[in-house]
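[1] Here is my input; please provide its structure:
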Amino acid sequence: MLSQPRRTKVFAAALISIVILAVALKSLNSSPPPAGAFSLSEYYHLAPVEKVISSNISQTSRHWNSIEINYTNTKPIVINKQSSRSDLVNYDVLNCHFIVWNGLVGGNGQIQSTEKWQKQLLTIPGRTWYGSEQTIRIGVIADDKINYPTDFQTKRTEALVEVLSRMFDIKSESIYYPGNWW
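    Take a look at the predicted model:
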């Protein structure tokens, strides 16, 4: 009968473990973990940054010496009624090398290179311009008042900046983020 106290102890330990696990699961159920910037189900739908920045024209590091990220509050406008595609008519977007979409238009965190990047064209300086003619401009579809960038946009923009700065040897002091970038 020496095994009877041992069975009781094992049973009590198992019961206590089950109660603790149930309480832990119940607390997680009320607040599900947030879908971070790299949730696998959505992340696999995004093209790798290296593929996005590839251009048909050879890129020279002496051509690009800074990077500027700016917000562009762009709304889709249907131009071609024959297709369901929405085109963007916005000077800020047309004057960027890359666009980082917010999910309302384009995929959340999707990076698209523009014609200016594919043809290695310079952007035209504007009133909020920080760089020079040799600045790579990245437009983030958001604004700094109501529609802040999503987690996907933030992480993907930072990944794009990292790859571009490494590829063209751009120093961190030559990278310009919007005032409230986080």
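[2] Quick check: the nearest residue to residue 148 once chain neighbours are set aside vs residue 102, distance?
    Leaving aside its sequence neighbours, residue 148 sits nearest to residue 142 (C-beta to C-beta, 6 or more residues apart in numbering; 5.9 Å). No exception for glycine: its C-beta is placed from N, CA and C like everyone else's. Distance from residue 142 to residue 102, counting by C-beta to C-beta, to the nearest Å: 6 Å.
[3] Touching both of these two, which residues are there?
    Common contact partners of residue 142 and residue 102 (C-beta atoms under 8 Å, 6 or more residues apart in numbering): 149, 150, 153.
[4] quick one: which of those residues is most hemmed in?
    Counting neighbours by other C-beta atoms under 10 Å, the top entry in these is residue 149, with 24 neighbours.
[5] quick one: that residue and residue 142 touch, right?
    Yes: contact criterion C-beta atoms under 8 Å: residue 149 and residue 142 qualify, at 4.4 Å.
[6] where do the contact lists of those two overlap?
    Jointly contacting residue 149 and residue 142 under the rule C-beta under 8 Å, 6+ apart are 71, 102.
[7] name the helices or strands packed onto the helix ranked longest in the chain?
    Using DSSP state H to define each element, the chain has its longest helix at helix 3-30. With contacts defined as 3 or more C-beta pairs under 8 Å, 6 or more residues apart in numbering; DSSP states H and E, helix 3-30 has no helix or strand neighbours.
[8] ok, and for whichever strand or helix holds residue 160, which residues are buried?
    Assigned by DSSP states H and E, residue 160 belongs to helix 151-168. Neighbour counts over helix 151-168 (16 or more other C-beta atoms under 10 Å) mark 152, 153, 154, 155, 156, 157, 159, 160, 161, 164, 165, 168 as buried.
[9] With adjacent residues omitted, what lies nearest to the first one?
    When you say that, I think you mean residue 152. Residue 152 sits nearest to residue 109 (C-beta to C-beta, 6+ apart), 2.9 Å away.
[10] The one you found and residue 131: what is the separation?
    Going from residue 109 to residue 131 by C-beta to C-beta gives 24 Å.
[11] The two - which one has more neighbours?
    Neighbour count, other C-beta under 10 Å: between residue 109 and residue 131, residue 109 has more, with 25 against 18.
[12] Just confirm the more buried one is within a strand.
    No: under DSSP: H, G, I helix; E, B strand; the rest coil, residue 109 sits outside any strand and is assigned coil.
[13] Give me the phi and psi for it.
    phi 90, psi 0 (degrees, to the nearest 10).
[14] Fine, thanks again, bye for now.
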